[in-house]
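> Turn this into a model:
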Amino acid sequence: MTPHMALYISPLVVSAAVIVALLVVTWRSRSDPVAPWFAATLVAFLIWTVGYVFEILSPSLDAKLRWADFEFIGIAVLPVVWFEVVRRYTGHGPLPRWFAALLAAFVAVSVVVFAVNPGGIFRGAPTLDTTTSPSVVVPDYGWYWATLFMPVVYLLLATTVVLLAHAMWRDRQSLYRLQYGLLIVAILLPVIAGTLYILGVEPAPGLNPTTAVVSISGAIMAYALFRYRLFGIAPLARGMVVDGLSDGVIVLDTYDRIVDFNPAARQLFPDLDGEALGRPVSEILAFHPGLLESIGHVADDSAQDTVVAELSVALPGDAAGGLPESRHFTLALTAVRTSGGRVLGHSVLLHDVTRSVELLRQVERLATTDPLTELLTRKAFLELGEREMTRARRQGFPMWLVKLDLDHFALVNDLYGSDVGDEVIRAVAGACRRILRAFDLVGRFGGEEFVMLLPHLSAVEAEEIAERLRQTVEALAVWKDDQLVTVTASVGLAGTERTDHEFLNDLLAPADSALRRAREDGGNRVVVGAEEWGASGPAGRAQRPGGEQGP
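Below is the predicted model:
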């Protein structure tokens, strides 16, 4: 081979080598729905390039024409498969059957015309130009080439470029824009080179630069493939990701890499930016283990297309230095599948239910909290108290129950009105909260009766608390029209130094009996119940007002 011939052949050999390398890489991604069409594109490029190499090397006109006919198989297939690659990559659905059949017929008819050349409609009288080295074919194309084949090819390629340009405008994430731009450049380079050749602009006499430029297009595609994971980060579910959604949406591929996200998701998680695309979700959202655990948990359930979980996420405060806030979400993870059922990835929909959770908690508070005193209701106290008794039986610690009832409270309502009565009730509730510990249970059993459950106290300490409650209530004062309103309270106390087999009712009954005795003895006193407890409880005794002991 002469140096001049090598100058013609070398770029084509490089181009073919690049295409073969891309085919190997594409084979590794053959499960991707775009990969087979991308491989068909590479095969078309390879047919064109190899055919042109042998056309140049062939000495006779007949041999050159046979290789040229072989090249046109790739040239006929190329615009159609390019069109389908871009359509699938940009998220469009299957072609209508009639249109797909029309494209297939165009390719088939063109290949037959190139091979048979009936009536000279493809070539008229091609000749061999021996004035150049190497010699080249002067093709003398007929009407089929000029009026049918090339217009359809340019129309398909133009449509392909328009699809990519529209996708660049639609998908504003920086990664997608660059990917689409690279694909546009890869298409336009051989188109421009082929157009210049048709117009007679040749880098060397008789040399068609299009096949040599294919190596550059291949390098650009390789850069997109390796740098941006052309298949792995294809917009699998772009149609589902609507920028205007108030719910956050994150799209993951089968390797749990972030494929896409909408502005609502970025607002929730500032780490979601252009640099996050293509990186594992576990890396980007590392500070949200609850979210990652929920995604991993529901992703493992391959039996369902959509799995819903609930989670709470601590989000950072605003730019003004606000405190972090806890937000509540329902997480719906949906499998994105091909028409054949193969999973391509998952879409994560985060629906903010913080407001609903807050409303639910308010409803629960209203159901468990007395609206006048903000103490536990009777029902809530009984439920939580039984839970505390279970814990006390398991661990064997002391438990005491106090029942407090205001003496002659009906007179307060009769003399001063229900508004003053309510003020007195609120004042007593506040006194109970101030005296008792944070983990003690305090409830309003109804009217002017209060009940308290006190764990981890000795008998002496429990009596001291009961007496402090009585004294504090006696010291309370509510003013009504410059008139002082005071009340006293009767207190019943019951409990055990060690909880063994007792339930809450086992404390309520003796405490209620002790309270009844305190009222019968004149009120404003503490009575400790003992008869129901025998040796396990303290001795029964009454304490008179002012602390004097009674029998």
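
> C-alpha only now, for contacts and for neighbours.
Fine.

> Helix, strand or coil: sort out residue 493 for me.
Three-state assignment for residue 493 (DSSP: H, G, I helix; E, B strand; the rest coil): strand.

> In contact with it, which residues?
Under the criterion of CA atoms under 8 Å, 6 or more residues apart in numbering, the contact partners of residue 493 comprise 400-403, 463, 466, 510-511, 514-515, 526-529.

> Tell me the first helix or strand C-terminal of the lengthiest strand in the chain.
With residue count as the measure and DSSP state E as the assignment, the chain has strand 325-337 as its longest strand. With elements assigned by DSSP states H and E, the helix or strand that comes after strand 325-337 is strand 343-352.

> Give me the helices and strands touching whatever helix or strand comes next after that next one, please.
Counting by DSSP H and E, the element after strand 343-352 in chain order, helix or strand, is helix 354-368. Contact here means 3 or more CA pairs under 8 Å, 6 or more residues apart in numbering; DSSP states H and E; on that basis helix 354-368 packs against strand 325-337.

> Same question for the strand it packs on: list its buried residues.
Within strand 325-337, the residues that qualify as buried by neighbour count (16 or more other CA atoms under 10 Å) are 327, 328, 329, 330, 331, 332, 333, 334, 335, 336.

> Stretch 519-532 now?
By neighbour count with 16+ other CA under 10 Å, stretch 519-532 contains the buried residues 519, 523, 524, 525, 526, 527, 528, 529, 530, 532.

> Could you give the separation of it from the chain centroid?
Relative to the mean C-alpha coordinate of its chain, stretch 519-532 is positioned 61 Å out (CA atoms, centre = their mean, to the nearest Å).

> pLDDT averaged over it - what is it?
Confidence over stretch 519-532, taken as the mean pLDDT, stands at 84.

> would you turn the buried residues of strand 325-337 into a markdown table with distance to residue 257 and pLDDT?
Conversion of these to a markdown table gives the following (distance: CA to CA, whole Å; pLDDT from 0 to 100):
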| residue | distance to residue 257 | pLDDT |
| --- | --- | --- |
| 327 | 24 | 77 |
| 328 | 24 | 79 |
| 329 | 21 | 78 |
| 330 | 21 | 79 |
| 331 | 18 | 77 |
| 332 | 17 | 79 |
| 333 | 14 | 78 |
| 334 | 15 | 80 |
| 335 | 14 | 78 |
| 336 | 14 | 73 |
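
> Which of these sits closest to residue 48?
For the buried residues of strand 325-337, the minimum distance to residue 48 (CA to CA) is 36.5 Å, reached by residue 336.

> wait, doesn't that closest one sit right on residue 345?
Yes. Here residue 336 reaches residue 345: they are 5.2 Å apart, a contact under CA atoms under 8 Å.

> can I see the domain layout of the chain?
If the domains of the chain are taken from automatic domain parsing, they occupy 3-228, 238-359, 369-547, with pieces of a single domain joined by a plus sign.

> Lowest average confidence across the ones you listed, which one?
Considering those one by one, the lowest average pLDDT is found for domain 238-359, at a mean of 70.

> Now find how far off-centre the longest strand of the chain is within its chain.
Here strand 325-337 shows a centroid-to-chain-centroid distance of 5 Å under the convention CA atoms, centre = their mean.

> Offset the numbering so it begins at 846, please.
Sounds good: first residue 846 from here, last item strand 1170-1182.

> can you give me the angle it makes with strand 1188-1197?
Taking axes from the mean of the first three to the mean of the last three CA atoms, to 10 degrees, strand 1170-1182 and strand 1188-1197 form an angle of 150 degrees between their directions.

> so what's the residue nearest the centre of the chain bridging to?
Relative to the mean C-alpha position of the chain, the nearest C-alpha, by CA atoms, centre = their mean, is the one of residue 1193, at 3.6 Å. With DSSP bridges applied, the residues forming beta bridges to residue 1193 are residue 1095, residue 1178.

> Against residue 1092, how distant is it?
Between residue 1193 and residue 1092 the computed distance is 10 Å (CA to CA, to the nearest Å).

> what does residue 952 give?
46 Å.

> From the neighbour counts alone, determine which of the two ranks first.
Between residue 952 and residue 1092, counting by other CA atoms under 10 Å, residue 952 is the more crowded of the two (21 against 17).

> Next, count neighbours for the closest residue to that one other than its chain neighbours.
If you skip the residues right next to it in sequence, residue 952 has residue 921 as its closest partner in space, 5.6 Å away by CA to CA, 6 or more residues apart in numbering. If you count neighbours by other CA under 10 Å, residue 921 ends up with 22.

> in the stretch 1196-1345 of the chain, which spans are helices?
In order along the chain, the stretch 1196-1345 of the chain carries the following helices (DSSP state H, counting those that start in this stretch): 1199-1213, 1223-1240, 1254-1261, 1263-1280, 1304-1320.

> I'd like the ones you listed as a markdown table, with distance to residue 1031 appended.
Compiled in a markdown table, those are given as follows (distance: least, CA to CA, whole Å):
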| stretch | distance to residue 1031 |
| --- | --- |
| helix 1199-1213 | 48 |
| helix 1223-1240 | 70 |
| helix 1254-1261 | 90 |
| helix 1263-1280 | 76 |
| helix 1304-1320 | 85 |
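
> To residue 863, which of the ones you listed lies closest?
Evaluated over those, closeness to residue 863 peaks at helix 1199-1213, with 54.0 Å, by CA to CA.

> quick check: angle from the closest one to helix 1223-1240?
For helix 1199-1213 and helix 1223-1240, the angle between their directions (the same axes, to 10 degrees) works out to 90 degrees.

> what separates helix 1199-1213 from the chain centre, distance-wise?
The gap between where helix 1199-1213 is centred and where its chain is centred comes out at 25 Å by CA atoms, centre = their mean.

> Ok, stretch 1241-1252 next?
50 Å.

> Can you tell me what sits against that stretch?
Outside stretch 1241-1252, the residues that reach it (CA under 8 Å, 6+ apart) are 1234, 1237, 1293-1303, 1307, 1311, 1332-1345, 1352-1353, 1356-1357, 1360, 1364, 1368-1369.

> again with stretch 982-992
The contact list for stretch 982-992, computed with CA under 8 Å, 6+ apart, reads 906, 909-910, 965-974, 1051.

> separation between the residue lying closest to residue 1371 once chain neighbours are set aside and residue 1363?
Nearest non-adjacent residue to residue 1371, counting by CA to CA, 6+ apart: residue 1336, 4.6 Å away. Taking CA to CA as the criterion, residue 1336 is separated from residue 1363 by 7 Å.

> Brilliant, that's me finished.
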